[in-house]
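*Asks:* Mind folding the following:
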Amino acid sequence: YPVAESVLQDAVLQLYVHNCQITVHEGRHTYHYCIFFKWHCRLRANAMLDKFQGDVVVMKIGTWVSSVVNMHACDIAIADYIVSCFTQRISHLARKGRLLHSVTFVKP
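*Replies:* Okay, the predicted model is just below:
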């Protein structure tokens, strides 16, 4: 089983890891992912993500089995889309003191 804590940095500053279930609708296809992330004002700014202080890990959830499955080449573009949309949304909501637990995106 995957351990998200092993790839996320700064365990001393922020011990816990947040998670969020993501559903992406692309045409007639539906994909499920889980994002694990650390987000805190004292964490270093992520050089790859605008206005996000922390780290993000994306894992794909199987369609027929509700557990983590291997990601394929087509999942990389969807994961990039998810992280981009997610970090924009969480930055907005965190200012209001709320975090996300489940999100649905419709990919054009």
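
*Asks:* Distance-wise, check Ala79 relative to Leu49.
*Replies:* Computed as C-beta to C-beta, to the nearest Å, the Ala79 to Leu49 distance reads 13 Å. (Each C-beta comes from the backbone N, C-alpha and C, glycine too.)

*Asks:* out of the two, which sits in the more crowded spot?
*Replies:* Higher neighbour count among Ala79 and Leu49: Ala79, with 21 against 17, using other C-beta atoms under 10 Å.

*Asks:* Can I take it that the more buried one is in a helix?
*Replies:* Yes - membership of Ala79 in a helix is supported by DSSP: H, G, I helix; E, B strand; the rest coil.

*Asks:* Helices of the protein, start to end?
*Replies:* 73-94 (DSSP state H).

*Asks:* Let's check: the centremost residue of it is which one?
*Replies:* Closest to where the C-alpha atoms of the chain average out (C-alpha atoms, centre = their mean) is Ile35, at 2.9 Å.

*Asks:* which residues touch that one?
*Replies:* Ile35 sits next to 19-20, 22, 56-59, 82-83, 86 when contact means C-beta atoms under 8 Å, 6 or more residues apart in numbering.

*Asks:* Dig out what it forms beta bridges with.
*Replies:* Cys20, Val58 (DSSP bridges).

*Asks:* For it, report the pLDDT, please.
*Replies:* For Ile35, the pLDDT comes out at 90.

*Asks:* measure it to Arg28 for me?
*Replies:* Counting by C-beta to C-beta, the gap from Ile35 to Arg28 is 24 Å.

*Asks:* tell me which residues of stretch 29-48 are tucked away?
*Replies:* By neighbour count on 16 or more other C-beta atoms under 10 Å, the buried set for stretch 29-48 is 31, 33-39, 43, 46.

*Asks:* circling back: show the buried residues in the contacts of Ile35.
*Replies:* Using 16+ other C-beta under 10 Å, the buried ones in the contacts of Ile35 are 20, 22, 56-59, 82-83, 86.

*Asks:* quick one, phi/psi of the residue at the greatest distance from the centre of the chain?
*Replies:* No residue in the chain sits farther from the centre than Arg28, which is 22.4 Å out by C-alpha atoms, centre = their mean. The phi/psi pair for Arg28 (degrees, to the nearest 10) reads phi -90, psi 0.
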